[in-house]
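[1] sequence plus predicted model, see below.
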Amino acid sequence: MKIKKITLIIIAFFMSVTMFSQNVVGDWSGTSEIMGMKLKLVFHIEEDGTYLKSTMDSPDQGAKGIPVTKISFESPTLMLEIANIGFKYTGVLKGDTLIEGAFTQMGKSFPLNLKNSTVETKRPQEPKKPYPYIEEDVKFINEEAGIALAGTFTYPDNKQKYPAVILITGSGAQNRDEELLGHKPFLVLSDYLTRRGIAVLRFDDRGTAQSEGDFWKATSVDFASDVLAGLSYLKNRKEVNPEKIGLVGHSEGGMIAFMLAAKHKDVAFLVSMAGPGVKGDSILALQRRSLIVDKEKAYDNDLLAKKMMTLVKEYSTDFLKANIDSLINDILPQKQGWADSDDMKRNAANSFARMSSPWFRFFIEYDPMDDLRKVKCPVLAINGGEDLQVDANINISSIEKGLSNAGNKNYLTKVYSNLNHLFQNCNTGHISEYATIEETISPEVLSDIADWISTVAK
């Protein structure tokens, strides 16, 4: 009798797994509203033998592949849990395409309905092989850092020396294609430029994909040294005209391009795509106000962020770690109950850890104007008018001021009225749109960059 009971339990278990895999395996996405800000979440549920596993993406926060620590399904109820961030989701499966439910975090519940989004993502601009040019996987050495960097070098053919560019990624650990949210902007850009007669080097950030090094201990200065190593590599390529090597940087990459051009005459020209022209703390403050819809909640979040930023500027990382509990109790607002929430305290502690990193400390203190005033080479600086991450008007005007102070008379700036931070045609400019837009980069932007480089690199 005991054996029979165990057998029935095992059969029931495998029946529930089968039902789960038949109905819930796939990609599920939905949008909730937290403190006045819309937040999109995506769950990727897979079958792993007789078990199920899942990861979560939070595109609006730039987070991808967060492991789900616990997953269960007893038809029709799905439960997902991410222990380290205090996240719990419970939903009821309605047919095969909808899960109605909510998640709890920070002691509060937020509605979240998930729709089955297991569809082939369309990225019509991504090139298909065979390419009408030569493509090489390459490695070059940053002697200063003692690391090898891996990338892709494309050029029209072996018949002459071409102008060349190095593509510089934005913030965050990214591969040579600057891959994010299903898009590969640098693959599209390098393909377009190479077809227009411009050689292109793009490479994985240090510590990312096939490149060596420790990404998390690096600052923008370290990333600049990686680009400089790429510049040295291109000078020795027989397909490249060493006097016509330029830089094309996106977001933080644009800032790095200015840093290098200010100090190295070997940079023949540069293109800044949404590169910052003001200090990082100002950039982040503008982002917070742009991305949160509820103005009252935006004020509370802004006030909390300012308090945390002040502490990071005043104290060392070791001090913050040693006194984290008392500091958090002092700065969390009482009126929203945040100070009594263990989840909120844990989130604040995680934020302090990120804000204490070498990269963050450098970013908030570095003033691009210090280098902009020294840039003498030709510059194309562009921004999207709907960019909510790097405000077009404030940053472009600062870049113009710096270049003018440098006595630079060979620069061009342009703001594209309907483009976002990725230079996609968009509706709102919000981060949540990036993945849903099929376009990777506006054709107008691609054409403008290629035309400008062809003119200045004659």
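    Received the coordinates, thanks.
[2] skipping adjacent residues, who's closest to Glu386 in space?
    Once flanking residues are discounted, Glu386 sits nearest to Gly429: 3.2 Å by C-beta to C-beta, 6 or more residues apart in numbering. Using the backbone N, CA and C atoms, a C-beta is placed for each residue, glycine as well.
[3] typo on my end, it should be Ser454
    Arg196 (6.7 Å).
[4] ok, now Glu212?
    Ile147 (4.0 Å).
[5] what does Leu149 give?
    Leu149 sits nearest to Ser211 (C-beta to C-beta, 6+ apart), 4.6 Å away.
[6] give me the neighbour count for the one you found.
    Neighbourhood size, Ser211 [other C-beta atoms under 10 Å]: 23.
[7] could you do Arg202 as well?
    23.
[8] helix, strand or coil for it?
    Three-state assignment for Arg202 (DSSP: H, G, I helix; E, B strand; the rest coil): strand.
[9] that one bridge partners, please.
    Thr152, Leu167 (DSSP bridges).
[10] surely it and Lys184 touch.
    No - Arg202 lies out of contact with Lys184 (C-beta atoms under 8 Å); the separation is 10.2 Å.
[11] any shared contact partners between those two?
    Common contacts of Arg202 and Lys184 (C-beta atoms under 8 Å, 6 or more residues apart in numbering): 177-178.
[12] from Ala199, how far out is Val92?
    56 Å (C-beta to C-beta, to the nearest Å).
[13] hang on, I meant Lys235
    Relative to Ala199, and taking C-beta to C-beta, Lys235 is found at 12 Å.
[14] comparing those two, which residue is more hemmed in?
    Ranked by neighbour count (other C-beta under 10 Å), Lys235 and Ala199 place Ala199 first, with 26 against 14.
[15] can you give me the pLDDT of that one?
    The score at Ala199 is 98. That number is its pLDDT.
[16] now it: how far from Tyr133?
    Taking C-beta to C-beta, one finds Ala199 at 9 Å from Tyr133.
[17] between these two, what contacts are shared?
    Listed as contacting both Ala199 and Tyr133 by C-beta under 8 Å, 6+ apart are 154-156.
[18] quick check, nearest of those residues to Pro67?
    Thr154 (35.5 Å; C-beta to C-beta).
[19] so what's that closest one closest to, chain neighbours aside?
    Thr194 (4.3 Å).
[20] how near is the residue nearest to Ser454 to Asn116?
    41 Å.
[21] contacting residues for the nearest residue to Thr317 once chain neighbours are set aside?
    Once flanking residues are discounted, Thr317 sits nearest to Ser356: 4.1 Å by C-beta to C-beta, 6+ apart. Applying C-beta under 8 Å, 6+ apart, we find Ser356 in contact with 312, 317, 320-321.
[22] the same query, at a cut-off of 7 Å, please.
    Neighbouring residues of Ser356 by C-beta atoms under 7 Å, 6 or more residues apart in numbering: 312, 317, 320.
[23] near the last one, how many other residues are there?
    Applying other C-beta under 10 Å, we find 19 other residues in the vicinity of Leu320.
[24] that one touches Ala353, doesn't it?
    No - proximity of Leu320 to Ala353 does not meet the contact threshold set by C-beta atoms under 7 Å, at 8.4 Å.
[25] phi first, then psi, for the residue nearest to Glu212.
    Note on Ile147: its backbone torsions stand at phi -130, psi 150 [degrees, to the nearest 10].
[26] now do it against Phe223, distance only.
    Ile147 is 12 Å from Phe223, by C-beta to C-beta.
[27] quick one, which of the two is more surrounded?
    Shown here are Ile147 and Phe223; by other C-beta under 10 Å, Phe223 has more neighbours (24 against 18).
[28] which residues are in contact with that one?
    Going by C-beta under 7 Å, 6+ apart, Phe223 touches Ile256.
[29] that's a helix at it, yeah?
    Yes - counting by three-state DSSP, Phe223 is found in a helix.
[30] roughly how far apart are it and Gly62?
    From Phe223 across to Gly62, the span is 17 Å (C-beta to C-beta).
[31] go on, Met79?
    Using C-beta to C-beta, we find Met79 at a distance of 26 Å from Gly62.
[32] same check, this time on Gly249
    Taking C-beta to C-beta, one finds Gly249 at 18 Å from Gly62.
[33] where are the low-confidence patches of the stretch 101-250 of the chain?
    Across the stretch 101-250 of the chain, residues meeting the criterion (pLDDT under 70) sit at 118-121.
[34] what are the boundaries of the helices in it?
    Taking DSSP state H, counting those that start in this stretch, the helices of the stretch 101-250 of the chain run over residues 185-195, 220-235.
[35] switch those helices over to TSV; also include distance to Lys129.
    Listed next are the helices of the stretch 101-250 of the chain as TSV, based on distance: least, C-beta to C-beta, whole Å:
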stretch	distance to Lys129
helix 185-195	10
helix 220-235	24
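[36] which of these sits most buried?
    Each of the helices of the stretch 101-250 of the chain was scored by mean neighbour count; the highest is helix 185-195, a mean of 23, by mean count of other C-beta atoms under 10 Å.
[37] contact partners of that helix?
    Contacts of helix 185-195 (C-beta under 7 Å, 6+ apart): 125-127, 132-133, 154-156, 165, 167, 176-178, 200, 202, 250, 422, 440-441, 446, 450.
[38] what subset of these is buried?
    125, 133, 154-156, 165, 167, 176-178, 200, 202, 250, 422, 440-441, 446, 450 (16 or more other C-beta atoms under 10 Å).
[39] count of neighbours near Lys53?
    13.
[40] likewise for the one 4 residues further on?
    The local packing of Asp57 (other C-beta under 10 Å) involves 20 other residues.
[41] ramachandran angles for the residue nearest to Thr317?
    phi -90, psi 0.
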